[in-house]
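>>> I'd like to go over a predicted model; first the sequence, then the structure.
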Number of protein chains: 2
Amino acid sequence: MKRNSRLSLALHTLGHMARDPGRMRKSADIAAHAGTNPVVVRRVLGSLREAGLLVSESGHAGGWRLARAPQEITLADVYLALDERLTAAEPTAETHDCSVEHALHFRVSKVMEEVEQTLIQKLSETTILAIRGATDQKSMSK
Amino acid sequence: MKRNSRLSLALHTLGHMARDPGRMRKSADIAAHAGTNPVVVRRVLGSLREAGLLVSESGHAGGWRLARAPQEITLADVYLALDERLTAAEPTAETHDCSVEHALHFRVSKVMEEVEQTLIQKLSETTILAIRGATDQKSMSK
DNA sequence: AGATGCGCAACTGTTAATGTTACAAGGTAA
DNA sequence: TTACCTTGTAACATTAACAGTTGCGCATCT
């Protein structure tokens, strides 16, 4: 699959779910539609469940569905649930006492944090209900 | 080395160069200071040369130095020179005619472009001359 | 019980990036 | 000119992160 695949998969799936919130979907079906593997789907959706966006059930009529109304789930919620921060983190505290490196890290980190806040802000302006093209009644809505 | 290493290496090196613009530095010395390999240094600095930020010379007294005054080189210049865009690019035009996927890509791409503009804007507010901690006369300035 | 679906752990590709080696070409100094 | 030094680049090895895969245990419904 491609890069940033986790976010893409998550948003794609939620986009479909938003169109029919009550329906239960199996990871196998979701995987087939997204062109990936059921286990990968469970891993990604599992993160969303931990964040309280989704609910999963075992058993015969099991599967996945939204934990709350689609208009109450924004793209920012999904982004944060996946915990893929922009911030480099840079845990390399190699005690490389180079003042340039310290100053650099300080400046860049500050900028990245501000930028991430901007990203979250912008993502929070769109709900998963708003993600759909025109009125597709086919594809995954069968 | 760590992730985002190209940007880190580039900024780190320019940060030092800004403190002594006239001096010529060998890739071997830069590599030793940054804890990496001379060839890696040449690859990264090569991008900066193509962008007109650095000049390199062969020969006995060869090496690298800034192509212009340090106060005229911003972090944004370096970021753009390395051509590492945030935008996912997503070249996977799998003709996967799923309207949700299209709408999703459209929305997210737009947000990412806006965020990248914010990032560039913020980076352009700092020059490489501003990157230094207090007054370190030691370390690489010998 | 049997069928179905999730949860999770362990393992195997795959891919992108860095690290490494080697050598040609360019330039300086004696 | 010769000797030496440094960049430029190609080719290959190593690594790390991630997706994909398999297998099996547990839960739930008919």
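Noted; the coordinates are in hand.

>>> Confirm for me that residue A:81 is in contact with residue A:46.
No. Between residue A:81 and residue A:46 there is no contact under C-beta atoms under 8 Å: 10.1 Å. To be clear about C-beta, it is placed using only N, CA and C from the backbone, and glycine gets the same treatment.

>>> what angle separates the lengthiest helix in chain A from helix B:99-123?
Identified as the longest helix of chain A according to DSSP state H is helix A:99-123. Relative orientation of helix A:99-123 versus helix B:99-123 (axes from the mean of the first three to the mean of the last three C-alpha atoms, to 10 degrees): 140 degrees.

>>> Could I get the pLDDT score of residue A:4?
Residue A:4 carries a pLDDT value of 77.

>>> Could I get the phi/psi values of the one residue in chain A that gets nearest to DNA strand D?
Chain A approaches DNA strand D most closely through residue A:59 (2.4 Å), counting by C-beta to the nearest atom of the strand. Dihedral pair for residue A:59: phi 90, psi -180, per degrees, to the nearest 10.

>>> circling back to that earlier point, I'd like to know which elements the longest helix of chain A is packed against.
helix A:75-82, helix B:5-17, helix B:75-82, helix B:99-123 (3 or more C-beta pairs under 8 Å, 6 or more residues apart in numbering or on different chains; DSSP states H and E).

>>> Give the buried residues for it.
When burial is assessed from 16 or more other C-beta atoms under 10 Å in any protein chain shown, helix A:99-123 yields the following buried residues: A:99-105, A:107-108, A:111-112, A:115-116, A:118-120, A:122-123.

>>> same question, stretch A:70-80
For stretch A:70-80, a neighbour-count test (16+ other C-beta under 10 Å) marks A:70, A:73, A:74, A:75, A:76, A:77, A:78, A:79, A:80 as buried.

>>> Contacts (any at all) between chain B and that stretch?
Yes. Remark: stretch A:70-80 sits within contact range of chain B at residue A:75, by C-beta under 8 Å from any C-beta of the partner chain.

>>> Residue A:81 and residue A:46: which has the busier surroundings?
For residue A:81 versus residue A:46, the count of surrounding residues by other C-beta atoms under 10 Å in any protein chain shown is larger for residue A:81: 21 against 14.

>>> who touches the residue nearest to the more buried one when sequence neighbours are not counted in this structure?
Closest residue to residue A:81 apart from its sequence neighbours, by C-beta to C-beta, 6 or more residues apart in numbering or on different chains: residue A:51 at 3.4 Å. Neighbour list for residue A:51: A:77, A:80, A:81 [criterion: C-beta atoms under 8 Å, 6 or more residues apart in numbering or on different chains].

>>> quick one: whichever strand or helix holds residue A:65 near DNA strand C?
Residue A:65 belongs to strand A:63-66 when assigned by DSSP states H and E. Yes. Residues of strand A:63-66 are located near DNA strand C by C-beta under 7 Å from any atom of the strand, namely A:63, A:64.

>>> any idea which of the contacts of residue A:51 is the one closest to residue A:129?
residue A:77 (12.4 Å; C-beta to C-beta).

>>> Give me the local confidence score for the nearest residue to the closest one once chain neighbours are set aside.
Nearest in space to residue A:77, with sequence neighbours left out and distances taken as C-beta to C-beta, 6+ apart, is residue A:53 at 6.0 Å. We have a pLDDT of 98 for residue A:53.

>>> what does the one 4 residues further on give?
We have a pLDDT of 96 for residue A:57.

>>> Isn't it up against residue A:63?
Yes. In this structure, residue A:57 is within contact of residue A:63 by C-beta under 8 Å, at 6.5 Å.

>>> Quickly list what's touching both of the two.
Residues touching both residue A:57 and residue A:63 (C-beta under 8 Å, 6+ apart) are residue A:24.

>>> So which of those two has more stuff around it?
residue A:63 (17 against 11).

>>> follow-up on the earlier one: would you mind giving the contacts of residue A:51 as a markdown table with distance to DNA strand C and pLDDT added?
Listed next are these as a markdown table, based on distance: C-beta to the nearest atom of the strand, whole Å; pLDDT from 0 to 100:
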| residue | distance to DNA strand C | pLDDT |
| --- | --- | --- |
| A:77 | 19 | 98 |
| A:80 | 19 | 96 |
| A:81 | 14 | 96 |
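
>>> Just the closest of the residues you listed to residue B:85, please.
For these, the nearest to residue B:85 is residue A:80 (22.5 Å; C-beta to C-beta).
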